[in-house]
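Novice: I would like to see how this sequence folds:
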Amino acid sequence: MSLVVVILTFNEERHIAAAIKSALQVTDEIIVIDSGSADKTVEIAKQYGARIFSRAWDNDFSAQRNFASDKTSARWLLHLDADERLSETLAAEIKKAIEGPERVYCLTRFNVVLGQKMLWGAYRPDKIRRLYPRERAFWQGKVHEGLKSKLPEKSLSGEMLHYTIDDWEEYFNKFNSYTTIWAKEAYAQNKRTSLPVALAHAFFAFLKTTLIYGGVLDGAMGVALCYTSSTYTLTKYLKLLRLQISEIAIPKPGERVLWMCFGAFGDVMENLANARIFKRRFPEVHLSFLSVPEVAPLLRKQPYLDEVVEGSRRPVRVFLSTLHKMRNGSYKWLINNWHTGWHPYILSRFSGIPHKVGEAPFSFLNKTYEFSPKYAFDVWNLDISDRSSAVISVDSLDKEEAANLLKDLPKRRVFALIGASRLRKMWPTRHWIEFLSALVAEGWGVALNGHGCLESEIGRDIEKALQSPRLLNLVDRLDFCQMAAISQNCSVAIGNDTGPLHLAALGGVPTIGLFARHTSQDVDLRMPWFMEVCAEEQRESNNDPATLMASLPAEFVLKRFHSFMRETEVSQPL
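Specialist: Numbers count the residues shown, from 1 in each chain. Predicted structure coming up:
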């Protein structure tokens, strides 16, 4: 009888190898459903022979598990979390069970917290339904998901060890995520609560885990876990209460919404992606985007923006003109999802717009805003981290101009973003020359992009060193519309500057970021087609970004480049 083990992962590089080794006790077929890991989870899983499938995380564990059912023809499925291990006895029982009649099998799971095996309280051993015939059961429930089946159940002997808490930071990250998901699901199911009810749930949770389930018998750790369990209960009900309180805070069809961002180019691109998510959630609102004149031509080409308003923080005359536009735009909502600086705060404070979303420079000034961005996005059920589809569009004229500029380059083209916002973030010119020389020798075309005197000098140095017709120096020659069109006519973009990296990646272009430290998640470069190469992977002990970037060898970047090309299936034969 065939059996496949399914493992769900997200940044599980510490656990995945041991999980697969444990699973190999019962079958050779391992499926990993990954939710976009940014660490080495997928790489390690491949080394151990697992089949990898990606599915974007949508706060739904059941959907992830059900997704795996379509990826195999095996008769039996066993679901194993990355932090769970099968004992030898249990593995033998599983192999025996799948030779018998169809049933849903329960496994006895023991929780291990910071090295201590828990026997009582909130983390006492539990029975979990994990082994079942693939076509006779399905999963239901977003957080604490359950298996649904009409088959009879039977328990297997042997232990499953669940290394549920390795450190408290990881625990509280999950704590926050799971309570949020629970509250949203409960709210969607019309479950309601109150502060007294929330407190009562937490109080009885503590009594139940300490006295009824005997949590005190596990010593100090047992008592601590009883306390965190009651806090978990209180938190999820408080989050549900928060959703209830904000029921009326929803933009209505036809209302005018102004999204404001005066940040750096990368900030504007991040906010543009977020504005698109907002517009997809509320398609019938009139969405305007307020930003600096330099990016306005690009913004006007985005079909999800109904209006683009030009403005600026300085000089004073332009600042006052911007405020005038805000006051006379008949806007019902203002969204300021940018830095908590004084200029956007003053514009917000005196805009006259009734509903404002944002954060003030100091907490005592937050009464200007009705909600913080995080709070509003949670209430509106907006996943602003979603980067699963392209966002930036260009028109036919831009595409035609880009094709004409690149016509003499090979079809395989690299858009090399040689600049950065600060000198210490830049990859040294000698490394660019070595890296691009290797690509040109392989038949790639190269288009250089950058702005400013320093980047112009770097572009000339690279051009002089390569002396190749396969290299096109476009430094200081492109506006943002042209830059977007050029990137979308290239096979891949690579560089340091987060602004152009956003522009390329949000246009759906496979993109590689070169950073001193892990940066992509912090600046919302979360696209499935984005990869970061970090200098600290090569030299962890140094804290200076400039030194780290200088220590990032071209040979290492080239290796990662080729790996990325194979994974994204961009590379084509000459």
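Novice: ok now the longest strand anywhere in the chain, how far from the chain's centre?
Specialist: As assigned by DSSP state E, the longest strand anywhere in the chain is strand 153-165. Put simply, strand 153-165 sits 31 Å off its chain's centre (Cα atoms, centre = their mean, to the nearest Å).
Novice: which helices and strands sit right next to that strand?
Specialist: Judged by 3 or more Cβ pairs under 8 Å, 6 or more residues apart in numbering; DSSP states H and E, strand 153-165 is in contact with strand 84-86, helix 88-97, strand 104-113, strand 126-133. C-betas here are computed from N, CA, C, even on glycine.
Novice: is it possible to export these to CSV including mean neighbour count and mean pLDDT?
Specialist: CSV is the format used below for the helices and strands packed on strand 153-165 (neighbours: other Cβ atoms under 10 Å; pLDDT from 0 to 100):
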stretch, mean neighbour count, mean pLDDT
strand 84-86, 23, 96
helix 88-97, 17, 95
strand 104-113, 19, 95
strand 126-133, 19, 94
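Novice: Can you show me the helices along the stretch 351-500 of the chain?
Specialist: Secondary structure of the stretch 351-500 of the chain by DSSP state H, counting those that start in this stretch: the helices cover 373-379, 396-405, 429-441, 453-466, 480-488, 498-506.
Novice: Pick the most buried one from these.
Specialist: Most buried of these, by mean neighbour count (mean count of other Cβ atoms under 10 Å): helix 498-506, with a mean of 28.
Novice: Counting by contacts, list what that helix packs against.
Specialist: helix 265-281, strand 413-417, helix 480-488, strand 492-495, strand 511-515.
Novice: Residues contacting it, please?
Specialist: Residues from elsewhere that reach helix 498-506 (Cβ atoms under 8 Å, 6 or more residues apart in numbering): 264-266, 269-270, 272-273, 387, 390-392, 415, 417, 419, 421, 449, 480, 483-484, 487-488, 490, 493, 495, 511, 513, 519, 523-525, 527, 529-530.
Novice: isn't there a helix covering Glu185?
Specialist: Yes - secondary structure of Glu185, determined by DSSP: H, G, I helix; E, B strand; the rest coil: located in a helix.
Novice: Which residue, other than its chain neighbours, is closest to Pro253?
Specialist: Leaving aside its chain neighbours, Pro253 sits nearest to Glu284 (3.6 Å; criterion: Cβ to Cβ, 6 or more residues apart in numbering).
Novice: Isn't the one you found up against Arg256?
Specialist: No - in terms of Cβ atoms under 8 Å, Glu284 does not count as a neighbour of Arg256; the distance is 11.6 Å.
Novice: Looking at these two, which one has more neighbours?
Specialist: Arg256 (17 against 10; other Cβ atoms under 10 Å).
Novice: Now that one. Its backbone dihedrals?
Specialist: phi -90, psi 130 (degrees, to the nearest 10).
Novice: Wait, it touches Phe282, no?
Specialist: No - counting by Cβ under 8 Å, Phe282 is not a contact partner of Arg256; they are 11.7 Å apart.
Novice: hmm, back to that, could I get the helices and strands packed on helix 498-506 as CSV with mean pLDDT and distance to Tyr48?
Specialist: Output for these, formatted as CSV (pLDDT from 0 to 100; distance: least, Cβ to Cβ, whole Å):
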stretch, mean pLDDT, distance to Tyr48
helix 265-281, 94, 35
strand 413-417, 97, 33
helix 480-488, 96, 36
strand 492-495, 96, 29
strand 511-515, 92, 26
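Novice: Serialize the helices and strands packed on strand 153-165 to a markdown table and add fields for distance to His15.
Specialist: Formatted as a markdown table, the helices and strands packed on strand 153-165 follow (distance: least, Cβ to Cβ, whole Å):
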| stretch | distance to His15 |
| --- | --- |
| strand 84-86 | 9 |
| helix 88-97 | 18 |
| strand 104-113 | 12 |
| strand 126-133 | 17 |
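Novice: Nearest to Gly443, out of these?
Specialist: For Gly443, the closest of the helices and strands packed on strand 153-165 is strand 84-86, at 47.3 Å, according to Cβ to Cβ.
Novice: what does stretch 58-76 contact?
Specialist: 1-4, 6, 8, 29, 31, 33, 35, 51, 53, 55, 57, 77, 79, 98, 131-134, 138-143, 145, 181, 184, 383.
Novice: what do you get for stretch 376-384?
Specialist: 58-59, 180, 184, 242-243, 246, 249-251, 273-274, 277-278, 281-282, 335, 357, 371, 524.
Novice: Kindly write the ChimeraX command that selects the buried subset of those.
Specialist: Here is the ChimeraX selection string for the buried members of these, based on 16 or more other Cβ atoms under 10 Å:
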select :59,180,184,243,246,251,273,274,277,278,282,335,357,371,524
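Novice: tell me the phi and psi of Ser54?
Specialist: Dihedral angles (degrees, to the nearest 10) for Ser54: phi -110, psi 140.
Novice: Next up, the contacts around the closest residue to it other than its chain neighbours.
Specialist: Closest residue to Ser54 apart from its sequence neighbours, by Cβ to Cβ, 6+ apart: Asp34 at 5.3 Å. The neighbours of Asp34, taking Cβ under 8 Å, 6+ apart as the test, are Thr9, Phe10, Thr41, Val42, Ala45, Ile52, Phe53, Ser54, Arg55.
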